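1. Okay, predicted coordinates and the sequence, questions at the end:
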Amino acid sequence: MSVQTQSVVARRSVDPGGAAAIAFMSVSKGFGHGGGAVQALDGLSLSIPQGVVYGLLGPNGAGKSTLLRILAGLLRPDRGEVQIFGETATATHRSRLGMLIETPSFYPFLTAREHLQMLARATGTSALVEPVLRRIGLEKAADKAVSGFSLGMKQRLGIGCALIGQPEAIILDEPTNGLDPDGILEMRALIHELAHRDGLTVLLSSHLLDEVERVCDRVAILQRGVLVAEGAVADLLDRDGRFWLKVEAPEALLARLGELARLGEKAEPGEGGVYVRIERAEVPDLILSLANAGVRIHEAKWIKPDLETVFLSETREARS
């Protein structure tokens, strides 16, 4: 899937102070009645800035699919409002979005080119059919019936269908589903290019936390229909980090830290040293105090967790 091709969207300037690309305002949605009722979304508010790659995370049943279906207009919220570029979402406003929600479905007897041509006629973008085919890496299979496509090829075509109308924001549900490792790398590059070269907002939902960490600028973590964490990926990882010290006498250091009320419950042995859970800004003062106390420090480093660690921590806390 070559990404070094003609842009399939017009380069858009992003106003950092402008309206959010997509905003969910106190959105609630329930299913069923009585004892079998399920509250899929519970007063959820979320704002997706313009021009970023934004990841939507959560375990099964967290409300991700319901949220995306409401955004697409496939479901109506019980309460709350959805805004697209500062305006209440309508069919007209949703035309500014390109969407690939859940598993893409196609006419099996049509080719990839015919699918794109059909959609392009509706949006007046027929000139983009060939550039999109190149962008998604299907130019060589453009005239084959979709019935013979692999899952990964169908995923690529689905993204092509989302791009053909020159959207200002694109919503992708599991965009790397069915792709091999090379395909995942190319999809990552394509998503990054759409946001950071072409100025699109990309909202994606994925279970591949390592991939989300690599490609997303910001993430939101949902649990049982509520927001449990949100922010820049780098900030979330820094916030949940730990400081590790290698010293001559780990047991003595643990005892000393145990005397400090604010650190006693945050220190534990590991990897031949001691882990201390503190704010990163507190690290210099901790090192200075230990050095002044005569503690011989052989190695010290900040251990940044991966997104999976943050995800599990946040969702477990929400369940307790």
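-> Yep, it's here.
2. just for the stretch 151-300 of the chain, where's the confidence low?
-> Along the stretch 151-300 of the chain, segments meeting pLDDT under 70 span 240, 259-265.
3. all strands in it, in order from the N-terminus.
-> For the stretch 151-300 of the chain, strands defined by DSSP state E, counting those that start in this stretch occupy the ranges 169-173, 201-205, 218-223, 226-232, 242-247, 267-270, 273-276, 297-303.
4. And the helix or strand just after the last one, what does it pack against?
-> Taking DSSP states H and E as the definition, the helix or strand that follows strand 297-303 towards the C-terminus is helix 307-319. For helix 307-319, the helices and strands in contact under the criterion 3 or more CB pairs under 8 Å, 6 or more residues apart in numbering; DSSP states H and E are helix 209-215, strand 218-223, strand 226-232, helix 233-239. C-beta here means a position set from N, CA and C on the backbone, and glycine is covered the same way.
5. coming back round to it: okay, the strands of the stretch 151-300 of the chain in a markdown table with mean neighbour count and distance to residue 119 next?
-> Below are these laid out as a markdown table (neighbours: other CB atoms under 10 Å; distance: least, CB to CB, whole Å):
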| stretch | mean neighbour count | distance to residue 119 |
| --- | --- | --- |
| strand 169-173 | 24 | 14 |
| strand 201-205 | 25 | 19 |
| strand 218-223 | 23 | 29 |
| strand 226-232 | 17 | 33 |
| strand 242-247 | 19 | 49 |
| strand 267-270 | 15 | 54 |
| strand 273-276 | 18 | 53 |
| strand 297-303 | 12 | 48 |
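6. between these, which gets nearest to residue 133?
-> Closest approach to residue 133 among those (CB to CB): strand 169-173, 17.0 Å.
7. what angle sits between the closest one and strand 201-205?
-> Here the directions of strand 169-173 and strand 201-205 differ by 10 degrees (axes from the mean of the first three to the mean of the last three CA atoms, to 10 degrees).
8. Tell me the strands beside strand 169-173, with direction?
-> Sheet partners assigned to strand 169-173 using DSSP bridges are listed as strand 97-100 (parallel), strand 201-205 (parallel).
9. And for the longest one, what's in contact with it?
-> So the one you mean is strand 201-205. 21-22, 48-57, 64-65, 68, 168-175, 191, 194-195, 212, 215-216 (CB atoms under 8 Å, 6 or more residues apart in numbering).
10. sorry, back to before: just put the strands paired with strand 169-173 in JSON lines and tack on distance to residue 186.
-> Shown next, in JSON lines, are these (distance: least, CB to CB, whole Å):
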{"stretch": "strand 97-100", "distance to residue 186": "16"}
{"stretch": "strand 201-205", "distance to residue 186": "15"}
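11. Which among the ones you listed is found nearest to residue 37?
-> That would be strand 201-205 among the strands paired with strand 169-173, by CB to CB, at 24.1 Å.
12. Compute the distance between the most centrally placed residue in the chain and residue 43, please.
-> Residue closest to the mean C-alpha point of the chain, counted by CA atoms, centre = their mean, is residue 55 at 1.2 Å. Distance of residue 55 to residue 43, given as CB to CB, to the nearest Å: 21 Å.
13. thinking residue 157 is in contact with residue 103, fair?
-> No: between residue 157 and residue 103 there is no contact under CB atoms under 8 Å: 12.0 Å.
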